[in-house]
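Participant: Could you work out the structure for the sequence below:
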Amino acid sequence: MMVDVTLAQVGKNLSEAMRILGDGQRELEAGTERRCFSRTSIPGPLQGDGQDVATILHLVHNLIHEEEEEEDKPRQHRMQNVGEQGHMALLGHSLAAYISVLDRERLRKLTTRILSDTTLWLCRLFRYESGSAYFHEDDRDGLVKVCRLVINARYEEYASEGYTVLSSKQPIIYQSASCRPGLGQHLCSQLGLPLSSLCTVPCNTIFGSQHQMDVALLDKLIKEDIEAGKLPLLLIANAGTPGAGHTDKLGRLKDLCDQYNMWLHVEGVNLATLALGQATSAVMAATRSDSMTLTPGLWLGLPAVTAVTLYRHEDPALSLAAGLTSSQPVEKLRALPLWLSLQYLGHNGIIQKIKHATALSQQLLQKLKTLTSIKTSGVVSPIPPISGASLRDVLGSLMLSIDVDHSGMFFEVEDELTSPVVLFKFSQEMSAASSGGSVEGYCAGEKEVLDAFNRWLGEQLAQLVPNSGIDVVELEDEGTCVRFSPLLTAAVLGTQQEDVEDLVEKLSELVPVMSSTMCLRQDFREETHRHSPSLRYMEELSWPGLGAVQYKPQAEGMDESRTKQELKKINAELLKKLQDLDTDIIFSTGPEFGTEEDCIFVSMVTEDVDVSELVDTIAALGRDIEESGRLLENMTEVVRKGILEAELQLQKANEEKLMEEGMLRQLPVVGSVLNWFSPVESSIKGRTFNLAAGSLDSTEVTYSTKAQACRPSLQDSPTSSSKRLPGQRLFRRSGAGSDSFSETSSIGQPEETTREVATTLSSSIHLPTSPSVPEEDLQITSEVSLEEVQESFVQEPTQVEAEEASEERNPEGQEVE
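Facilitator: Below is the predicted model:
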């Protein structure tokens, strides 16, 4: 057997490249400390000497994981699980570059064989008989080429006259309101059509799924366009809407397209189930469509594999003019990665992967039905009361909403069990869940609150079970929902049944927390209003938690800018104190792009949380912070005035001493001799500085009685009256049961929780003395607690006296406390 040396080298190089990148990935996961402080991320000139393959691959690896290494954070996004079939797809890209350099004849034969095999396999696999295939990188590009094909077919002079022939009859493209966002606009921009050529058909409002196209309304719109002189050109239908995964009534839509000579194009994730032995009738109708777009790379976990558009058309010239086929052999090599991967997996391997994904969705759906407060999104909507329409119109809409197969058998509207996409959401009526009080004005934002809770639920599940591929979708009618679409994620992430079990387990843990938080939101609001105006409840409906609160300090005598500054400072310090508490509750500044600022956001809570105690603690801490700030501001002014008064009294005392002792005693040598022969007994005149009262008093009483006033001990300050059990954390009710939701509203106002906040200030302020009296010095030593200062505003000030002069006084100075 002849072996192509170059071809063997391609496979060897690919294996070596995957090994190098894989080794680097394992080193990163193992936490190997390897810091490269090179400037690889900064573009620079091309080096003069070439580099080997290993060096270049290491550079690629460093660029891929550069951000993770610099931030030193655990990875939050998993890379795609590239298995053996993924290696085959990557090998296809390498082989395509090698094959492109073959001689033209050999290249033509090889590309024709690859394209023919891949087209045949896909058409048989997805039951699309007599079809052709177009391989494209952008999954929208196939629809663009199909539209050009239809325009060339319906406008015979389009090839010669161009867009001028479209003015006679404007082409109209119809799409469902549940189509991919921006798909119609992309078509119009690529085809050069005005947006008026795009018609969006609303979904059902009375019968069937609210994500399915309204067939009766579509029929009406087509008739109106024909009467207006327009040309219905193409209809885009869904076999699995991007959001909910629902399938349109493809059988009825195909009949409607045949009636008006329109082209039917189908796309969606549910087309993957055509490969299964038992596909639903709704999806099977897609095999009658004129074209459909498949994404086997996502379904089978194949990296960098093109999308495929299967279509039926008999004129190869028009297909060539539309760009669906090409005479360039190199363009046909797009199918090479898929050609290799399909051969590697085989028919049974492909079926097994799709069957595994659908089994995961059914497993999760059955588990969700056992959970309370979790609502799954079915495709059958309840029939509303008939009003504002005649019985004939309603019956006509009903008949058009039911699929009919060719044998005349009627089928039910698609049930949720047939959809491989699972949608679920947390649902709880807040009006019924509130444990007390009126909810008027609160139910208006109930939908927005539920959307925030479900958004949080989806983010938590995606973080806790990353292999599940859970994401969050925004739907027009249902609001925010959590979506599980294993056809798009299972093959990529390697999702298994154990991951679904883990997902249900985490969900069962999060749902009770969400239910209790929803029940206590109204109680938190009422308790906050009870502390008004010091506390202000912030109406932030998009916050998934107990709520948001803001402490408002007293703003008497402060301008607006000073008030905002004080508000921001107090709430920031209050948040820090709350975060330091020994509690399971999380306090934060809220969402990054929230509308409210300088607020404290309380996260999810459990059912045993005492909301009253929580709000009381927030209010008490806020008051302590505010009073402490005011005390420091007042103390600054008091100390400044006391120093000035002490300087004046010291100067006056020095002058009196000078007059009493005479001038001779002040001379350095003469004064010492005179004092030795005739000592002078000078009276001690100390001063006590009362910080609370801001007064400077004499210490004669202290020296005469040799006693010091007693001060209240800080340890005697009152403590919290609430008693906690050993190990019980803050804000938890002891013995809270399952019916503790209703307890918070019946609890009366609890005893005010007093917190022992004692701030001891010790300062030694040395005042300069007069040069004529060098031996005299003034020292102010004060100790005062926060409680003493607060009591001084309602009681007589407690003086802090000096100790006995013989024990603490400097022989060469006077002491003032």
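Participant: Tell me the pLDDT of the nearest residue to residue 297 once chain neighbours are set aside.
Facilitator: Nearest residue to residue 297 in three dimensions, chain neighbours excluded: residue 305, at 3.4 Å (C-beta to C-beta, 6 or more residues apart in numbering). For glycine as for every other residue, the C-beta is placed from the backbone atoms N, C-alpha and C. We have a pLDDT of 90 for residue 305.
Participant: Residue 305: neighbouring residues, count only.
Facilitator: Per other C-beta atoms under 10 Å, the neighbour tally for residue 305 reads 29.
Participant: could you give the mean pLDDT of stretch 526-533?
Facilitator: On average, stretch 526-533 scores 90.
Participant: List the buried residues for it?
Facilitator: Buried residues in stretch 526-533, defined by neighbour count with 16 or more other C-beta atoms under 10 Å: 526, 527, 528, 531.
Participant: Then stretch 479-494?
Facilitator: With burial defined by 16+ other C-beta under 10 Å, the residues of stretch 479-494 counted as buried are 479-493.
Participant: among the residues you listed, which are in strands?
Facilitator: In strands, defined here by DSSP state E, the members of these are 479, 480, 481, 482, 483, 484.
Participant: residues of the helix or strand hosting residue 349 that come out buried?
Facilitator: Using DSSP states H and E, residue 349 maps to helix 336-368. Buried residues in helix 336-368, counting neighbours by 16+ other C-beta under 10 Å, are found at 336-342, 344-345, 350, 353-354, 356-358, 360-365, 367-368.
Participant: With stretch 534-541 instead?
Facilitator: 534, 535, 537, 538, 540, 541.
Participant: What separation do you get for the second one and residue 549?
Facilitator: When C-beta to C-beta, to the nearest Å is applied, the distance between residue 535 and residue 549 equals 6 Å.
Participant: And for the first one?
Facilitator: Relative to residue 549, residue 534 is positioned 10 Å away (C-beta to C-beta).
Participant: joint contacts of the two?
Facilitator: Counting by C-beta atoms under 8 Å, 6 or more residues apart in numbering, residue 534 and residue 549 have no common neighbour.
Participant: from memory residue 428 sits against residue 515, does it?
Facilitator: Yes - the pair residue 428 / residue 515 is scored as a contact, 5.9 Å apart, by C-beta atoms under 8 Å.
Participant: so what sits against both of those two?
Facilitator: Listed contacts common to residue 428 and residue 515 are residue 373; contacts here mean C-beta under 8 Å, 6+ apart.
Participant: which secondary structure elements does the helix or strand harbouring residue 91 contact?
Facilitator: Using DSSP H and E, residue 91 sits within helix 84-99. Identification of packing neighbours for helix 84-99 by 3 or more C-beta pairs under 8 Å, 6 or more residues apart in numbering; DSSP states H and E yields helix 5-30, helix 104-125, helix 336-368.
Participant: just to revisit the earlier point, which SS class is the residue nearest to residue 297?
Facilitator: Three-state call for residue 305 (DSSP: H, G, I helix; E, B strand; the rest coil): coil.
Participant: Give me the phi and psi for it.
Facilitator: The phi/psi pair for residue 305 (degrees, to the nearest 10) reads phi -100, psi 140.
Participant: from the buried residues of stretch 526-533, which ones fall inside helices?
Facilitator: Assigned to helices by DSSP state H, the following of the buried residues of stretch 526-533 qualify: 526, 527, 528.
Participant: could these go into TSV alongside distance to residue 220?
Facilitator: Shown next, in TSV, are those (distance: C-beta to C-beta, whole Å):
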residue	distance to residue 220
526	52
527	55
528	53
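Participant: With respect to residue 189, which of the residues you listed is nearest?
Facilitator: residue 528 (51.3 Å; C-beta to C-beta).
Participant: what's the nearest residue to the closest one if we skip its chain neighbours?
Facilitator: Nearest one to residue 528, counting by C-beta to C-beta, 6+ apart, is residue 537 at 4.1 Å.
Participant: residue contacts, the one you found?
Facilitator: Residues counted as contacts of residue 537 (C-beta under 8 Å, 6+ apart) are 524, 525, 528, 529, 547, 548, 549.
Participant: Turn the residues you listed into a markdown table, columns for distance to residue 132.
Facilitator: Formatted as a markdown table, those follow (distance: C-beta to C-beta, whole Å):
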| residue | distance to residue 132 |
| --- | --- |
| 524 | 63 |
| 525 | 63 |
| 528 | 67 |
| 529 | 69 |
| 547 | 60 |
| 548 | 59 |
| 549 | 64 |
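Participant: Of those residues, grab the buried ones for ChimeraX.
Facilitator: Command for ChimeraX, covering only those of those found buried under the criterion 16+ other C-beta under 10 Å:
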select :524,525,528,547,548,549
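Participant: between the contacts of residue 537, which is nearest residue 510?
Facilitator: Looking at the contacts of residue 537 and their distance to residue 510, the nearest is residue 547, at 18.6 Å (C-beta to C-beta).
Participant: Tell me who's in contact with the nearest residue to that closest one once chain neighbours are set aside.
Facilitator: Counting by C-beta to C-beta, 6+ apart, residue 524 is the residue found nearest to residue 547 once chain neighbours are left out, at 4.7 Å. For residue 524, the contact set (C-beta under 8 Å, 6+ apart) comprises 537, 546, 547, 549, 602, 611, 614, 615.
Participant: In helices only, show me these.
Facilitator: Cross-referencing the contacts of residue 524 against helices under DSSP H gives 611, 614, 615.
Participant: What are the phi and psi values at the residue lying closest to the second one once chain neighbours are set aside?
Facilitator: The one in question is residue 614. Distances taken as C-beta to C-beta, 6+ apart place residue 731 nearest to residue 614, at 4.7 Å, with adjacent residues excluded. Phi and psi for residue 731, reported as degrees, to the nearest 10, are phi 60, psi 30.
Participant: can you check residue 231 too?
Facilitator: phi -120, psi 110.
Participant: I'd assumed residue 154 was in contact with it.
Facilitator: Yes - taking contacts as C-beta under 8 Å, residue 231 lies within contact range of residue 154: 6.6 Å.
Participant: hey, what's in contact with both of the two?
Facilitator: Taking C-beta under 8 Å, 6+ apart as the criterion, residue 231 and residue 154 both touch residue 171.
Participant: give the contact list for residue 606.
Facilitator: 512, 513, 516, 584.
Participant: Neighbour-wise, give me the winner out of those residues.
Facilitator: Using other C-beta under 10 Å as the neighbour criterion, residue 516 leads the contacts of residue 606 with 20 neighbours.
Participant: name the element that one belongs to?
Facilitator: helix 497-530.
Participant: can you count the residues close to residue 641?
Facilitator: 12.
Participant: And the average pLDDT for the host helix or strand of it is what?
Facilitator: Applying DSSP H and E as the criterion places residue 641 in helix 611-661. For helix 611-661, the mean per-residue pLDDT is 79.
Participant: The residue nearest to residue 297 contacts residue 336, correct?
Facilitator: No - counting by C-beta under 8 Å, residue 336 is not a contact partner of residue 305; they are 10.0 Å apart.
Participant: out of the contacts of residue 537, what pair is the most spread apart?
Facilitator: Greatest spatial distance among the contacts of residue 537 (C-beta to C-beta): 529 and 548, at 13.5 Å.
Participant: For residue 470, the count of nearby residues, please.
Facilitator: There are 26 residues near residue 470, going by other C-beta under 10 Å.
Participant: Return the residues in contact with it.
Facilitator: Residues near residue 470 by C-beta under 8 Å, 6+ apart: 458, 461, 462, 482, 483, 484, 503.
Participant: and which of those residues is nearest residue 320?
Facilitator: Using C-beta to C-beta, the contacts of residue 470 come closest to residue 320 at residue 483, 40.1 Å.
Participant: Now that closest one. Nearest residue, chain neighbours left out?
Facilitator: Nearest residue to residue 483, sequence neighbours excluded (C-beta to C-beta, 6+ apart): residue 473, at 4.8 Å.
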